[in-house]
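Engineer: Starting from these lines, generate the structure:
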Amino acid sequence: MSALVFEGFLSTPEMLGVFDARAFVQAMLDVEAALARAQADEGVIPAAASDAIAAACDAGRFDVDALIAESRPSGSLAIPLVKALTQSVESIDAAAAGCVHWGSTSQDVIDTAMILTVRRACALIDRDLRGLVASLLELAGRHGDAPVLARTLMQPAQVVSLGFKMLAWIAPLVRSRDRLIAAMHAAFQLQLGGAVGNLSAMGDKGRDVARRMAGALDLRLPEGAWHTQRDELAVLACELGVLTGSLGKIARDIALMSQAEVGELAEPSGGGRGGSSAMPHKRNPVAAMVALAGALRTPQRVAALLSAMAQEQERGLGNWQAELAETAGLYLSAHGALKALADVAGALHVDRERMQRNIDAQHGLVFAEAVSMRLAQHAGKAAAHALVERLSQEAVKSGRHLRELTMEALAADPAWRAQVGAGEVAGLFDSAAAAHYAVSIAAPQLAGLAQRSQAWREAVISKVQVPR
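Structural biologist: Modelled structure (predicted):
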């Protein structure tokens, strides 16, 4: 069974298309064509040879499956491709065949093709990340003031607002996008060094060829070849791993809040989405599921890429090759997680009434700290804590509301009653009032994040590039 069955399930058709074998071969051919044109412009090879090479750089002219099969004994996909390209050019212009891949090396072609491929992948990541942030901000704008239980160590703790909870989702995404853009700027660079990275085969024309080539491919021109300097790609991979971890946190929260026993959120359903083959009543959080699967797989991909950085001298043995394979898996997993959440974020169902019922079901215990702190103003922290702790234990045991028990305790003790009135005690158990503190913290931060997201410009990626 092909692994693509499960990659297709956990990734997206678009990202699978980006890393499709034919698309990658075309990226390699685009590099060869750009190299030939740049060399012709600098007088390294004849212009006629450049035209013939460019005309042959069409993946449709090649048996991609055969190239992949030949790459295993060759040790590189570039070797059989350059051989096949040379034969193809020879059929167009025999003299031009000797100019194919002139002064370059396999890693130059494969690394630059991978950068072109990763740039397409990052266009998809950036598009859907911006969409997810926008959808979550819109949802927070509509329901941000809704009181909801805050939960620590998986247990009800206090009352906050939904906007406060969503702030912990959105802020890391905005920070990730900013860091990803910086990492993309650094990583989207040309690789051209020749056999050992010094461009010696092109003499004093090497640097000028590289400059023209970088311009043609719209890549940054590095100071030199980075054959065994893998830090820029590793940083980008790490940032993608961090993003996917943040997506996993969002997915985990949605999954927990979507449990039928909780029922505060729900993913959109219908049309077969979220159903069960055995239980017609189920409404499974499938977007959260896919995002969690991506978050689970991504750390291992990033770890493998970090491990692959220790590359020997001027050309890595095994580690560079492992990096290439792991890179594809990283982007497939990350985009699967991101797209799954982006597709449902705007349609998440928020059940404000259920949130309030869940608060009410705690019999006032989630307001215990507020009561204790208010009483502590007059009786001291220790005495107030002891009283509220005793009353909380009684509420748990009897099933009575902590507000009722607190009022009874104050009514029975003149000293307490003189300090805190019944009306004030009742106010301490008001959900909206309790959520106000969270709203006051979250609202300005969410507004700032909205301004940042609106100010984003596609400085690195002007459009999503669809591979041929």
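
Engineer: Domain-wise, how is the protein divided?
Structural biologist: Domain segmentation of the chain under automatic domain parsing yields 15-104+197-222, 116-189+226-362+434-463, 365-428.

Engineer: These into a markdown table, with extra columns for mean pLDDT and distance to residue 6?
Structural biologist: In this view, the C-beta of every residue, glycine as well, is placed from N, C-alpha and C. Shown next, in a markdown table, are those (pLDDT from 0 to 100; distance: least, Cβ to Cβ, whole Å):
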| stretch | mean pLDDT | distance to residue 6 |
| --- | --- | --- |
| domain 15-104+197-222 | 96 | 12 |
| domain 116-189+226-362+434-463 | 91 | 9 |
| domain 365-428 | 88 | 42 |
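
Engineer: so which of those domains gets nearest residue 9?
Structural biologist: Across the domains of the chain, residue 9 has its closest neighbour in domain 116-189+226-362+434-463 (7.9 Å, Cβ to Cβ).

Engineer: returning to that earlier point: export the domains of the chain as TSV, with columns for distance to residue 7 and mean neighbour count.
Structural biologist: What follows is the domains of the chain, written out as TSV (distance: least, Cβ to Cβ, whole Å; neighbours: other Cβ atoms under 10 Å):
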stretch	distance to residue 7	mean neighbour count
domain 15-104+197-222	7	19
domain 116-189+226-362+434-463	5	18
domain 365-428	43	16
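
Engineer: Quick one: closest of those to residue 8.
Structural biologist: It's domain 15-104+197-222; of these, that one is closest to residue 8 (Cβ to Cβ) at 6.2 Å.

Engineer: Now find how far off-centre that closest one is within its chain.
Structural biologist: Distance, stretch centre to chain centre, for domain 15-104+197-222: 32 Å (Cα atoms, centre = their mean, to the nearest Å).

Engineer: Could you do stretch 196-213 as well?
Structural biologist: Chain-centre distance of stretch 196-213: 36 Å, with Cα atoms, centre = their mean.

Engineer: Could you export it as PDB, keeping only the C-alpha atoms?
Structural biologist: The C-alpha trace of stretch 196-213 is given here as PDB (Å, rounded to 0.1, in the frame of the first residue of the first chain):
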ATOM      1  CA  VAL A 196      33.400  21.800  -4.200                       C
ATOM      2  CA  GLY A 197      31.600  25.200  -3.900                       C
ATOM      3  CA  ASN A 198      34.300  27.500  -5.400                       C
ATOM      4  CA  LEU A 199      32.800  27.900  -8.900                       C
ATOM      5  CA  SER A 200      36.300  27.200 -10.400                       C
ATOM      6  CA  ALA A 201      34.900  25.600 -13.600                       C
ATOM      7  CA  MET A 202      33.500  28.900 -14.700                       C
ATOM      8  CA  GLY A 203      36.600  30.900 -13.800                       C
ATOM      9  CA  ASP A 204      36.000  34.600 -13.200                       C
ATOM     10  CA  LYS A 205      32.500  34.400 -14.700                       C
ATOM     11  CA  GLY A 206      31.100  32.200 -11.900                       C
ATOM     12  CA  ARG A 207      29.900  35.000  -9.600                       C
ATOM     13  CA  ASP A 208      28.300  36.900 -12.400                       C
ATOM     14  CA  VAL A 209      26.500  33.800 -13.600                       C
ATOM     15  CA  ALA A 210      25.200  33.200 -10.100                       C
ATOM     16  CA  ARG A 211      23.900  36.800  -9.900                       C
ATOM     17  CA  ARG A 212      22.000  36.500 -13.200                       C
ATOM     18  CA  MET A 213      20.700  33.100 -12.200                       C
END
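
Engineer: Can you tell me what sits against that stretch?
Structural biologist: With Cβ atoms under 8 Å, 6 or more residues apart in numbering as the test, stretch 196-213 has contacts from 34-35, 37-39, 41-44, 102-103, 190, 192-195, 221, 224-225, 227, 314-315.
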